[in-house]
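1. structural data only, the sequence is not supplied:
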């Protein structure tokens, strides 16, 4: 849209998806060469970034990958935008619509089998309504249909790789060893793929891996908090800051609390979503810069000032700033 051409270095395990994106754009009428998929190894990336023909770089990926790519862009003095990991809080206050919150919580956590940077991961629930929310949430998760992702009825499929399932299981087992309770799920499932049952963990604390680390899979951790003030404090007690969801029947109260949450976006009474009309991106170790909307469009254009004086060389008066 801004007139830039694009080179895509895909994740190493999805080359056909990357080629499919290129094919879709070509079929839609994009000029040849405007979007190109590079079937190269990760070792080639730094050299590509350093190439004089490349003006800027953006990455969607993990925090370690973002650190490496940002460093390479910095050495080449090139603009970069990083959209990295998240540990998004899902805050349920004492005046929330619990039925709506619980149903949305199940979708927000288990979309794409929990393999989404903006999937809700830490569920912070005010003590007064925690038992009711946990019961509803557990029931909603129990209704999720696990199966073949190629079938339309499937809501939860397998994880992308075996190492992702191993890491998730390790985070769960370590947390259970520290006193966490598995309310539902918690086991591997049989099937052609790396399946793991949709899991809800309660009786957790902030020191447990399921709360302290990013969990990239079908696992939700529910932490009870004293009140709204404690919820905001716990929500901000993370190195990440990508998205957050907050549930209350009082929109003004929600907006006041949302301003204090350290996050790139806060959705009140809804799940965090990526929408082309809205700027999207994180703060802290979730990255920097913005994608989507006019803000994302302007990340990769250069602002040029052209100031015109009269032919005699007399400078035109500059407009005064408003007082």
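-> All right, it came through fine. Everything numeric in this text was worked out from a predicted model, so none of it was measured.

2. which ones are touching residue 118?
-> Counting by C-beta atoms under 8 Å, 6 or more residues apart in numbering, residue 118 touches 86, 88, 242, 243, 272, 273, 274. Backbone N, C-alpha and C define where each C-beta goes, glycine included.

3. surely it is in a helix?
-> No. Checked against DSSP: H, G, I helix; E, B strand; the rest coil, residue 118 lies outside a helix; its state is coil.

4. distance check, it against residue 84.
-> 11 Å (C-beta to C-beta, to the nearest Å).

5. overlap in contacts, those two.
-> Shared contacts of residue 118 and residue 84 (C-beta under 8 Å, 6+ apart): residue 242.

6. element containing residue 306?
-> Assigned by DSSP states H and E, residue 306 falls within no helix or strand.

7. apart from its chain neighbours, what residue comes closest to residue 186?
-> residue 199 (5.0 Å; C-beta to C-beta, 6 or more residues apart in numbering).

8. I figured that neighbour hits residue 215, correct?
-> No. Contact between residue 199 and residue 215 fails when scored by C-beta atoms under 8 Å: they sit 9.5 Å apart.

9. now, the contacts of residue 118 that are in helices?
-> Counting by DSSP state H, no part of the contacts of residue 118 is found in helices.

10. okay, now residue 320: neighbour count?
-> Other residues within reach of residue 320, judged by other C-beta atoms under 10 Å, total 6.

11. does it count as helix, strand or coil?
-> Put simply, residue 320 is coil when judged by three-state DSSP.

12. do you know how far it is from residue 307?
-> Distance of residue 320 to residue 307, given as C-beta to C-beta: 15 Å.

13. same check on residue 6?
-> Applying C-beta to C-beta, the value for residue 6 to residue 307 is 32 Å.

14. which one's more surrounded, these two?
-> Remark: of residue 6 and residue 307, residue 6 carries more neighbours, 15 against 7, as counted by other C-beta under 10 Å.

15. next, give phi and psi for the more buried one.
-> Note on residue 6: backbone dihedrals following degrees, to the nearest 10 are phi -130, psi 130.

16. ok, it - contacts?
-> Contacts of residue 6 (C-beta under 8 Å, 6+ apart): 34, 35, 36.

17. mind checking pLDDT for it?
-> Per-residue confidence (pLDDT) for residue 6: 94.

18. and it, how far from residue 30?
-> 10 Å.

19. per-residue pLDDT of residue 316, please?
-> As predicted, residue 316 sits at a pLDDT of 64.

20. so what does the longest helix along the chain touch, helix or strand wise?
-> In terms of residue count, the longest helix belonging to the chain (DSSP H) is helix 162-177. When contacts are defined as 3 or more C-beta pairs under 8 Å, 6 or more residues apart in numbering; DSSP states H and E, helix 162-177 packs onto strand 199-202, helix 209-212, strand 219-225.

21. output the contacting helices and strands for the second one.
-> With contacts taken as 3+ C-beta pairs under 8 Å, 6+ apart, helix 209-212 sits against helix 162-177, strand 219-225.

22. how does it look with 6 Å?
-> helix 162-177 (3 or more C-beta pairs under 6 Å, 6 or more residues apart in numbering; DSSP states H and E).
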